[in-house]
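Student: Pasting the sequence and the predicted model now:
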Amino acid sequence: MKKYLQIFKISFEEEFAYRLNFILWRVRNVLQIFLTYFLWSTVYSDPARQVFGYDRTKILTYVFGIMIVRALVMSARAMDVSRDVANGDLSNFLTKPVNYFKYWFTRDVASKSLNFIFAVVEFALLFLVLKPPFLFQTNLTILLAFFASIVIAILIYFLILFLLSSIPFWIPEIGWGSHFLVSIVIVESLSGSLFPINILPPVLQSIIMATPFPYLIYFPIEVYLGNITGGALIGGMMVAAAWVGVLGVSLNIVWKRGLKVYQSFGR
Amino acid sequence: MIKKIKKYLNIWWMMSVNSFSMVLSQKLALSMFLVGKVFRFTFFFLFLFFLLKGTGSLAGYSVNQIIFFFLTFNLLDVLTQFLFREVYNFRPMIIKGDFDLILVKPVNSLFRVLMGGADVIDLITIPPIIILIIIYGASLHPTLIGIVIYLVLLLNSFLIATAFHIAILAFAIVTLEIDHAVMIYRDVTNLGKLPVDIYKEPLRGFLTYLIPVGVMMTLPARALMGVATTVGIIVSIFIGFTSIFLALKFWKFALTKYTSASS
């Protein structure tokens, strides 16, 4: 446990080593939220308007919720694993008394902590500037379910990143291509970080809800808003937990097979 | 002058063929990036379609008008990425001092670092976007003069986008920072995916004139719809020429600061 605490500290400090990079990265996050915020603010400019099951308060809470949930779920370093595999740096870890998965998970937690702190500050600043109506959830059961859904989302994202990073065991040259396709394009589109999934037609919604992606952003925020309760909440949690199981087992198989073909290229 | 243009067209063609060959040699990676770009475009297109189906209009614009704004944004975005992809590779040249090798060649150095690596993936996506622009543009029943002004303003937007890319290159020489600068440029221009009318003041004014996203992305489409003012069109062309003039000045200044470090 002690060594992972040290890894956490080092990773946290490392994020601060490139301050300008980090600050510009956060500036980009704020810019990205502007389009979403003003789009929905225009759609719901009439406070009495109710479309797609949302009113102005709920939809703008959704947009602000994206900032916090994204910082917790999608701030991660595990995409760098593909580089380790492709250029042979993985060998350095295989010879050390460190669990490689725990190492990267600890680094992810450090990244999430730092991004979360900044996201809270940005949230507060934008809240003061834009003054949106906001739903402060006070129901303890809903809040507990929200935190549980965040934990599951973090695990799903970590497993997706590791599975993608395993591809270079077989095809080293598409490490970045696979991350672009899945963790940037597909995750961004299907997770609900652009818009709530339920504005799409029911058929498309059903297809997307059968994938692990909406459980990263859309599902936790919907839980927070109180739009998913009772049987639907339990069902959703079970599906999300099942995805953790499926992705975990898949990673276990893929990683073991990957290590068998690993040739430490470039070392 | 014509001889010079011919020479540079030849050089651009050769550099583009090399760049295309490099990308085409990795077919799997190429297909992944292509699928990713098409997926992202289609998904946002569908989102706008279903959103406006539910709401009827957005900021006073109809479904087809909003989609036309989105398509105009995409055309400019893809066109600049296709032509100016090399900008994304400039930082290593500066850090390693490899820019020296470009400076000593009998080719304009700005031309080389700006247009030296055309992107085949973006090239593939340009024709479908143009076809969609024609289809959705026709549905808006534009006048001939509206179409002409739209095309002129598109050229003007391209001029501003070029100025931004030159400024980013100059900024990279002065500060060694380019990766985030170019991504911030893209994030800011992304705000032009939809008409700037959706933003509230002072952000709208900021996006219209200071960082002219409105001039670049919204105004051409508004001109085609016949709702742009003459003053707005003249001001936008003034912004276009001023921005390219200032960007070139900044580039010349930046060259005097190049230290050739690590070379």
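Tutor: Right, received. Where do you want to start?
Student: From here on, just use CA atoms for contacts and neighbour counts.
Tutor: Fine.
Student: which bits of chain A sit near chain B?
Tutor: A:21, A:24-25, A:27-28, A:31-32, A:34-35, A:38-39, A:42-43, A:51-52, A:173-174, A:177-178, A:180-181, A:185-186, A:189, A:199-201 (Cα under 8 Å from any Cα of the partner chain).
Student: Only the buried subset of those residues, as a ChimeraX command please.
Tutor: Buried subset of the residues of chain A next to chain B, written as a ChimeraX selection, criterion 16 or more other Cα atoms under 10 Å in any protein chain shown:
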select /A:21,24,28,31,32,34,35,38,39,42,43,173,174,177,178,180,181,185,186,189,199,200
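Student: and the residues of chain A next to chain B, which of them are in helices?
Tutor: Among the residues of chain A next to chain B, the members found in helices (DSSP state H) are A:21, A:24-25, A:27-28, A:31-32, A:34-35, A:38-39, A:42-43, A:177-178, A:189.
Student: what ranges do the helices span in chain B?
Tutor: B:2-24, B:27-55, B:63-84, B:90-96, B:99-103, B:109-115, B:120-139, B:144-175, B:179-190, B:203-205, B:213, B:219-224, B:230-255.
Student: closest to chain A out of these?
Tutor: Closest to chain A of these is helix B:27-55 (Cα to the nearest Cα; 4.8 Å).
Student: Report the buried residues of the lowest-mean-pLDDT helix or strand in chain B.
Tutor: Every helix and strand in chain B was compared by mean pLDDT, DSSP states H and E; the lowest is helix B:203-205, with a mean of 82. By neighbour count with 16+ other Cα under 10 Å, helix B:203-205 contains the buried residues B:204-205.
Student: Which among the helices of chain B is found nearest to A:Phe16?
Tutor: Among the helices of chain B, helix B:179-190 comes nearest to A:Phe16, with 16.2 Å by Cα to Cα.
Student: hmm, that closest one touching chain A?
Tutor: Yes - interface with chain A: helix B:179-190 contributes B:180, B:183-184, B:187-188, B:190 (Cα under 8 Å from any Cα).
Student: got a list of what residue 161 touches?
Tutor: You didn't pick a chain, so chain A it is. Contact analysis of A:Leu161 by Cα atoms under 8 Å, 6 or more residues apart in numbering or on different chains lists A:78-79, A:179, A:183.
Student: not what I meant, chain B
Tutor: B:80, B:216.
Student: What separation is there between it and A:Ile10?
Tutor: Relative to A:Ile10, B:Ala161 is positioned 40 Å away (Cα to Cα, to the nearest Å).
Student: Next: B:Val113.
Tutor: Look at B:Val113 and A:Ile10: by Cα to Cα, they are 37 Å apart.
Student: ditto for B:Lys193
Tutor: Distance from B:Lys193 to A:Ile10, by Cα to Cα: 40 Å.
Student: Of the two, which one has the most company?
Tutor: B:Lys193 (24 against 14; other Cα atoms under 10 Å in any protein chain shown).
Student: Quickly note the distance from that one to B:Phe245.
Tutor: 26 Å.
Student: And A:Leu90, by the same measure?
Tutor: 50 Å.
Student: Same check on B:Thr229?
Tutor: From B:Thr229 over to B:Phe245 (counting by Cα to Cα), the distance is 25 Å.
Student: repeat for A:Val239
Tutor: In this view, A:Val239 and B:Phe245 are 58 Å apart by Cα to Cα.
Student: Between the two, tell me which one has more neighbours.
Tutor: A:Val239 (17 against 12).
Student: In terms of helices and strands, where is that one?
Tutor: Using DSSP states H and E, A:Val239 falls within helix A:230-261.
Student: Alongside chain A, which residues does chain B contribute?
Tutor: Residues of chain B lying near chain A (Cα under 8 Å from any Cα): B:28-30, B:32-33, B:35-37, B:39-40, B:43, B:47, B:50-51, B:54-55, B:58-59, B:180, B:183-184, B:187-188, B:190-191, B:198-200.
Student: Could you list the low-confidence segments of the chain?
Tutor: Because you didn't say which chain, this covers chain A. A:266-267 (pLDDT under 70).
Student: Can you look at chain B instead?
Tutor: Chain B contains residues with pLDDT under 70 at B:177-179, B:262-263.
Student: Pick out the residue closest to the middle of it.
Tutor: B:Thr80 (3.5 Å; Cα atoms, centre = their mean).
Student: Hmm, B:Phe158 and that residue touching each other?
Tutor: Yes - in this structure, B:Thr80 is within contact of B:Phe158 by Cα atoms under 8 Å, at 7.5 Å.
Student: Now list whatever residues contact both of these two.
Tutor: With Cα under 8 Å, 6+ apart, B:Thr80 and B:Phe158 have no common neighbours.
Student: check contacts around the residue of the stretch 151-267 of chain A found nearest chain B.
Tutor: Chain B sits closest to A:Leu181 of the stretch 151-267 of chain A, with a gap of 4.8 Å, by Cα to the nearest Cα. Each residue near A:Leu181 by Cα under 8 Å, 6+ apart is listed here: B:32-33, B:35-36.
Student: one step back: please produce a markdown table containing the helices of chain B, extended by distance to A:Leu130.
Tutor: Below are the helices of chain B laid out as a markdown table (distance: least, Cα to Cα, whole Å):
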| stretch | distance to A:Leu130 |
| --- | --- |
| helix B:2-24 | 44 |
| helix B:27-55 | 23 |
| helix B:63-84 | 24 |
| helix B:90-96 | 36 |
| helix B:99-103 | 45 |
| helix B:109-115 | 38 |
| helix B:120-139 | 34 |
| helix B:144-175 | 29 |
| helix B:179-190 | 18 |
| helix B:203-205 | 11 |
| helix B:213 | 21 |
| helix B:219-224 | 26 |
| helix B:230-255 | 28 |
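Student: Relative to A:Lys3, which of those helices is closest?
Tutor: helix B:179-190 (33.1 Å).
Student: which of the residues in that closest one are buried?
Tutor: By neighbour count with 16+ other Cα under 10 Å, helix B:179-190 contains the buried residues B:179-182, B:184-185, B:187-190.
Student: Of those residues, just say which sits nearest to A:Val246.
Tutor: Nearest to A:Val246 among the buried residues of helix B:179-190: B:Asp187, at 35.1 Å, using Cα to Cα.
Student: mind checking how far the closest one is from A:Val27?
Tutor: 10 Å.
Student: Select, out of the helices of chain B, the one closest to A:Phe116.
Tutor: Comparing the helices of chain B by Cα to Cα, helix B:179-190 comes nearest, at 20.3 Å.
Student: Any idea how far that closest one is from the middle of the chain?
Tutor: In terms of Cα atoms, centre = their mean, to the nearest Å, the centre of helix B:179-190 is set 11 Å apart from its chain centre.
Student: and residue 85, what does it touch?
Tutor: Going with chain A. A:165-166, A:168-169, A:172, A:262, A:264.
Student: ah, no, chain B please
Tutor: B:114-119.
Student: What subset of the residues you listed is buried?
Tutor: By 16+ other Cα under 10 Å, those give B:114-119 as buried.
Student: Now do the same contact list for the residue nearest to the centre of chain B.
Tutor: B:158, B:161-162.
Student: Next: A:Asp80.
Tutor: Taking Cα under 8 Å, 6+ apart, one finds A:Ser165 in contact with A:Asp80.
Student: Distance check, it against chain B.
Tutor: Noted for A:Asp80: a distance of 17 Å to chain B, by Cα to the nearest Cα, to the nearest Å.
Student: ditto for A:Phe147
Tutor: 29 Å.
Student: neighbours of the residue lying closest to that residue once chain neighbours are set aside, just the number please.
Tutor: Nearest residue to A:Phe147, sequence neighbours excluded (Cα to Cα, 6 or more residues apart in numbering or on different chains): A:Pro220, at 7.9 Å. Using other Cα under 10 Å, A:Pro220 has 28 other residues around it.
Student: Which element, helix or strand, includes A:Pro220?
Tutor: helix A:218-225.
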